[in-house]
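J.: Mind folding the following:
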Amino acid sequence: MVEEVHEATPEILAGLNRLLPQLSAAADPVDKQALVRVVESGATRLLIARDREGQIIGTLTLAVYRTPTGLRAWIEDVVVDSAARGQGIGEALTRAALAMAAEDGATTVDLTSRASREAANRMYRRVGFAERETNVYRHNLLEAERGE
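T.: Numbers count the residues shown, from 1 in each chain. Modelled structure (predicted):
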């Protein structure tokens, strides 16, 4: 059901471009070069989930990076097709990512999730994530560059 993507195929590209708008309406379509960069990066691992017919129904990106305080991991862009939600797909993707991060030697795995994604937040707690008392900040470099 869950597999790591090792090649930027047209099928993977189409699957991502079908799923990512379900995560964020502002998500730009992924082009082949962007997908190649993700797949070939030494810092990211792209996971997909398939249904019984082989259709891509979920995705997750795991980033693993080194800091002075250790090897860390971050989960991004988790999305399960709306028709497949509630079937454990997100949990399977998350557990696979946690296992990969552990195999890579990461000491922590972080992620963010909007409060409105209640089912996702329950799942993250169920698999062992704990909410942190911290603020999340974002500096949008593209907006800063445009003077917005």
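
J.: And for Pro68, the neighbour number?
T.: The number of residues packed near Pro68 is 4, by other Cβ atoms under 10 Å. Backbone N, C-alpha and C define where each C-beta goes, glycine included.

J.: Could you do the one 5 residues further on as well?
T.: Neighbour count for Ala73, taken as other Cβ under 10 Å: 23.

J.: Let me see the contact set for it.
T.: Contact analysis of Ala73 by Cβ atoms under 8 Å, 6 or more residues apart in numbering lists Leu62, Ala63, Val64, Tyr65, Ala97, Ala101, Asp104, Ala106, Thr108, Val109, Asp110.

J.: Format these as CSV; extra columns: neighbour count, pLDDT and secondary structure.
T.: Converted to CSV, the contacts of Ala73 look like this (neighbours: other Cβ atoms under 10 Å; pLDDT from 0 to 100; DSSP: H, G, I helix; E, B strand; the rest coil):
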residue, neighbour count, pLDDT, secondary structure
Leu62, 27, 98, strand
Ala63, 20, 98, strand
Val64, 20, 97, strand
Tyr65, 12, 96, strand
Ala97, 27, 98, helix
Ala101, 22, 98, helix
Asp104, 12, 96, helix
Ala106, 21, 97, coil
Thr108, 11, 96, strand
Val109, 20, 98, strand
Asp110, 15, 97, strand
